[in-house]
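Peer 1: show me the folded form of this:
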Amino acid sequence: MNIPFSPPFINDQVIEEVIDTLKSGWITTGPKVKSLEEEIVKLTNCHNALCVNSWTSGAMLVLKWFGVGPGDEVIVPAYTYSATALCVLHCGATPVMVDVLEDFTMNPNKLELAITERTKVIIPVDIAGLLCNYPHIMEIVNRDNIVSRFTPASPKQLQLGRILILSDAAHSIGAKYDNINSGSATDITVFSFHAVKNITTAEGGAICLNLNDKFNNQVEYDLMRLWSLNGQNKDAFTKSKAGGWRYDILFAGLKVNMPDLCAAVGLAQIRQYKQLLIERLRVAKQYNDFFSHKKWAQLPVIQDDNRVSCNHLYALRIFNITEEFRDLMIENIAASGVSVNVHFIPMPMLTVFKDLGYLIENYPTAYDNYSREISLPIYPQLTTEQVDYICSTIENSYNRLIGE
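Peer 2: From the prediction side, this is the model:
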């Protein structure tokens, strides 16, 4: 049996939506993107959603909108994909890494200790589809002693008057914290719609605005939309109208808009997302039913007193093993036809960050999580028989290596 790790969900509705776009004669940013933005707002309860061409470019846009640049610091977890910190470097600012908790989310106590007068933004990451402790994080940045240390260096920073919380929700669309939807739990949230995500547009993402009453979210959406189109005051769809050719460039923006052809895939998927989430939970529960009886298996959190995961990943960890043992397990599992993965290699272990002086020894929980983690396939198309095969393959690999 050969089981891929994360194939995209493509059914007749997705195909029909894409064909409709192709037949419409309009494939770049236009009505499909607008419809997808409206669906994201309905799903998340955020004020406004702006579709972009990737999570990374969306995060860069937000940082530039907020005026983040050289001399500024942005706090990020050490345990995440590199884009969380690369977007900071691309703005000329400094990523300040902090350790995580056992559940993979940012450690609020470590976060608090990392705040300085240079801190402009904090980017917590919802690993595997489980939201961070946002009530605690928001409480920290609103404390009088933290607010008093904030040193605004741009009009938007002055307007907010405190550190911005930018949620890296690449994994967490559809997840909840105390019935608050991912996308509306912090000031700004950025989703990823990369090919392996719960909802995909092949490549893409969305910025969700939930700014406080010091801002008009519609006004900020309109401004960010300009940012996504090179600072141009008309998009291509508007310019294509009769007599609408004249435009202006208002400032040096980015070119990170999402095309309709990509939006069509996500639009069809998000309209089915309630059922897709049910199927993901089905797979996660089947894994839990099996691995909860194995003393060597540490199960991921798919639900607790406050949070409900959207089950983007099933991040299984194995107790009392080394990184080398984990790697051998993965080799054996792959030999049996099951594709698994690891999420993630902590950033301090990657060359670009090692060269900047980050040391994995400073993030012991991040390394421990990584060294014992194996991400199992989890997607709606998996059958009960396939999940059974995956479970037995994992167990057989562990037992074989332990025996050796």
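
Peer 1: drop to CA atoms for contacts and neighbour counts, all remaining ones
Peer 2: Fine.

Peer 1: just the element for Gly69, please.
Peer 2: Assigned by DSSP states H and E, Gly69 falls within no helix or strand.

Peer 1: need the pLDDT of it.
Peer 2: Here, the pLDDT recorded for Gly69 equals 98.

Peer 1: wait, it sits on Pro95?
Peer 2: No: applying CA atoms under 8 Å, one finds Gly69 not in contact with Pro95, separated by 11.3 Å.

Peer 1: looking at these two, which is more packed in?
Peer 2: Shown here are Gly69 and Pro95; by other CA atoms under 10 Å, Pro95 has more neighbours (24 against 20).

Peer 1: name the next helix or strand downstream of the helix or strand hosting the more buried one, please.
Peer 2: Assessed by DSSP H and E, Pro95 sits inside strand 94-98. Sequence-wise, the next helix or strand downstream of strand 94-98 (DSSP H and E) is helix 108-114.

Peer 1: thinking again about what came up before, identify the residues contacting the strand holding Pro95?
Peer 2: Residues from elsewhere that reach strand 94-98 (CA atoms under 8 Å, 6 or more residues apart in numbering): 70-78, 85, 88-89, 106-107, 110-111, 114, 363.

Peer 1: just the buried subset of these, please.
Peer 2: 72-78, 85, 88-89, 106-107, 111, 114, 363 (16 or more other CA atoms under 10 Å).

Peer 1: tell me which of those residues fall in helices.
Peer 2: Counting by DSSP state H, the part of those found in helices is 85, 88-89, 111, 114.

Peer 1: how near is the closest residue to Ser172 other than its chain neighbours to Pro364?
Peer 2: Counting by CA to CA, 6 or more residues apart in numbering, Ser172 lies nearest to Gly129, which is 4.0 Å off, once chain neighbours are set aside. Going from Gly129 to Pro364 by CA to CA, to the nearest Å gives 22 Å.

Peer 1: name the helices or strands packed onto the host helix or strand of Lys64?
Peer 2: Assigned by DSSP H and E, Lys64 belongs to helix 55-65. Counting contacts by 3 or more CA pairs under 8 Å, 6 or more residues apart in numbering; DSSP states H and E, helix 55-65 is packed against helix 83-90, strand 188-192, strand 205-209, helix 217-227.

Peer 1: what pairs with the third one, parallel or antiparallel?
Peer 2: According to DSSP bridges, strand 205-209 forms sheet pairs with strand 48-52 (antiparallel), strand 188-192 (antiparallel).

Peer 1: make a markdown table from those strands and add distance to Asp99 and mean pLDDT to it.
Peer 2: Shown next, in a markdown table, are these (distance: least, CA to CA, whole Å; pLDDT from 0 to 100):
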| stretch | distance to Asp99 | mean pLDDT |
| --- | --- | --- |
| strand 48-52 | 29 | 98 |
| strand 188-192 | 21 | 99 |
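
Peer 1: of the ones you listed, which is nearest Ala334?
Peer 2: strand 188-192 (27.1 Å; CA to CA).

Peer 1: tell me how far that closest one lies from the chain's centre.
Peer 2: 7 Å (CA atoms, centre = their mean, to the nearest Å).

Peer 1: next: stretch 174-188.
Peer 2: Distance, centroid of stretch 174-188 to centroid of chain: 13 Å (CA atoms, centre = their mean).

Peer 1: show the end-to-end separation of it, please.
Peer 2: Span of stretch 174-188 from end to end, CA to CA: 16 Å.

Peer 1: same check on stretch 72-92?
Peer 2: Span of stretch 72-92 from end to end, CA to CA: 8 Å.

Peer 1: show me the shaky parts of this protein.
Peer 2: Within the chain, the stretches with pLDDT under 70 are 239.

Peer 1: which residues touch the most centrally placed residue in it?
Peer 2: Centroid-nearest residue in the chain: Ala170, 1.2 Å away (criterion: CA atoms, centre = their mean). When contacts are counted by CA under 8 Å, 6+ apart, Ala170 touches 55, 125-126, 190-193, 197.
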